[in-house]
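# need a 3D model of the following:
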Amino acid sequence: PPPPEPSPSPDVIEETPVPATEEEQAPVATEPPAPAEPEAAPEADQGGAAGQEPATEETPAPAAAGDGQDQKPAPQTENPLENLRMTMIRLLSSLLGEIQKVRPNLDAYNLFGIDLVLAGAIDFLGTEKKLSQEEKSTILRETIEVMGTRADIARSFADKYEDYLGEPKYLSMVQVGRSSMEALLAGADLAGEEMMAAFTLWNRPQPTTQTAPGTITVLFTDMVGSTDFTQSRGDHAAQDILRRHNSIVRSALAEFVGREIKHTGDGIMASFASAANGVEAAISIQRACEAHNARNPDLPLHLRIGLNSGEPIQEGDDLFGTTVQLSARVCAKAAANEILCTNVVRELSAGKDLTFDSKGIQELKGFKDPVPLYAVRWALPVETSTSGPVPAGGGDADPDSASVKGPETTRTSTKASAPKARKEGKTRPRAAARPSEPPEAPKA
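Next up is the predicted model:
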């Protein structure tokens, strides 16, 4: 009996250290489940186990990365505004590049003109992108400061730029900004010719125009084939071309001191105190349409324009009477890309560098007596080297109008008095101080 008793005790002793050895190897046993316990990491943190602290250190690393991902949307909310600011700067860069070809040094008056162009650009951009007033003012201010303008002057202009949008003498520059931004957003090339033409007129002394007392010239524009265009291209394209028409016409009204009476759906009715200004506005409109069509052959814009002068009845902001009715009938008689006017318009435009081609005596619907009509020559000099009238192009006569009486096609021209070239004076360097108020325009 004594010998067998010691033998089981060693067996027990041998079994006892074996579990102890397994406990010492417990960390090894926990290594396989360790990867499966990332969700228990917070409990491990609370438990304070030293062996699980490295796992806890790895857990914050993804959490920090997650925090970084949470911070990315914040810059993204600022990116759209930054992108829009860069869009404005791109427009400014193109504008300065064109202007400085002929005006390396810009004086205060031309710098103010650039500000007006930028005001029109941000006004269009803000409408398209639904920006708040504060956002528009901020982007405009920062863009103006890029030119080296003092911060207080840039802020003053940006805060009240909308006050300039309705000023007739500034509207031509504003419209250039709107149309330029519209082209930029559409991915089209900016029209350097349009910018240069605008600044040439901006620097031209304002002429004194004469008109008969109480006489007003009424102008109508009409988009040719607008219904067919809508049916074939859709409402979106039709609205795009209508906006372009509005921009072109309103820019000409601002340039030649016209007043928009109302929008007719497919055109605009406007009035001028000077018949010559009305004719020159019509010429500007047709040339702008021609330039648009050259840049956008897939989005053509063809207009017919009619003018008549008289003493219409004015009620509120609208005009009525025979003068208005005849102007509308003259417009309907015009072909696509053509400007027609009555004899009274031609006579009131005497002394200007304008050319009229007789279209004969025509009967118009609603008028008992036939009316002599004249086509205004609007093509650029390079295109008018050939003799005879330039074809108006592609439009049909108004079906409501009667046939022409007599084959009169004699060219009739008023006295030509080519405008004298304005002598360029010295301009102040770019770093010159800018006034806080708009500078005065050049005087004749």
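
# any chance you could map the helices in the stretch 101-250 of the chain?
Assigned by DSSP state H, counting those that start in this stretch, the stretch 101-250 of the chain shows helices spanning 108-129, 133-146, 151-159, 162-165, 168-185, 192-202, 226-233, 235-255.

# any idea which of the ones you listed scores lowest on pLDDT?
Of all the helices of the stretch 101-250 of the chain, mean pLDDT reaches its minimum on helix 192-202 (a mean of 74).

# taking helix 235-255 as reference, get the angle to that helix.
Relative orientation of helix 192-202 and helix 235-255, computed by axes from the mean of the first three to the mean of the last three CA atoms, to 10 degrees: 30 degrees.

# and helix 192-202, what's buried?
194-199, 202 (16 or more other CB atoms under 10 Å). In this view, the C-beta of every residue, glycine as well, is placed from N, C-alpha and C.

# now for it, which elements pack on it?
helix 73-99, helix 108-129, helix 168-185, helix 275-295 (3 or more CB pairs under 8 Å, 6 or more residues apart in numbering; DSSP states H and E).

# so L319: helix, strand or coil?
strand (DSSP: H, G, I helix; E, B strand; the rest coil).

# show me what contacts it?
216, 218, 261, 269, 271, 312-313 (CB atoms under 8 Å, 6 or more residues apart in numbering).

# hmm, 7 Å instead?
The neighbours of L319, taking CB atoms under 7 Å, 6 or more residues apart in numbering as the test, are 218, 261, 271, 312-313.

# looking at these, which has the most residues close by?
V218 (27 neighbours; other CB atoms under 10 Å).

# mind checking how far that residue is from H236?
32 Å (CB to CB, to the nearest Å).

# got the helices and strands packed on helix 192-202 as TSV, with mean neighbour count and distance to N337 columns?
Putting these into TSV (neighbours: other CB atoms under 10 Å; distance: least, CB to CB, whole Å) gives the following:
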stretch	mean neighbour count	distance to N337
helix 73-99	15	27
helix 108-129	22	27
helix 168-185	22	20
helix 275-295	22	6
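
# closest to G321 out of those?
helix 275-295 (16.9 Å; CB to CB).

# what lines up beside the helix or strand that the closest one is followed by in the sheet?
Of the helices and strands lying after helix 275-295 in sequence (DSSP states H and E), the nearest is strand 303-310. The strands that strand 303-310 pairs with in its sheet are strand 216-223 (antiparallel), strand 338-342 (parallel) (by DSSP bridges).

# any chance of those strands in TSV, plus mean pLDDT and distance to V102?
Shown next, in TSV, are the strands paired with strand 303-310 (pLDDT from 0 to 100; distance: least, CB to CB, whole Å):
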stretch	mean pLDDT	distance to V102
strand 216-223	96	31
strand 338-342	97	29
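
# among those strands, which comes closest to S172?
Among the strands paired with strand 303-310, strand 216-223 sits nearest to S172 (CB to CB), with 16.4 Å.

# surely G120 meets G177?
Yes - in this structure G120 lies within contact range of G177 using CB atoms under 7 Å: 2.7 Å.
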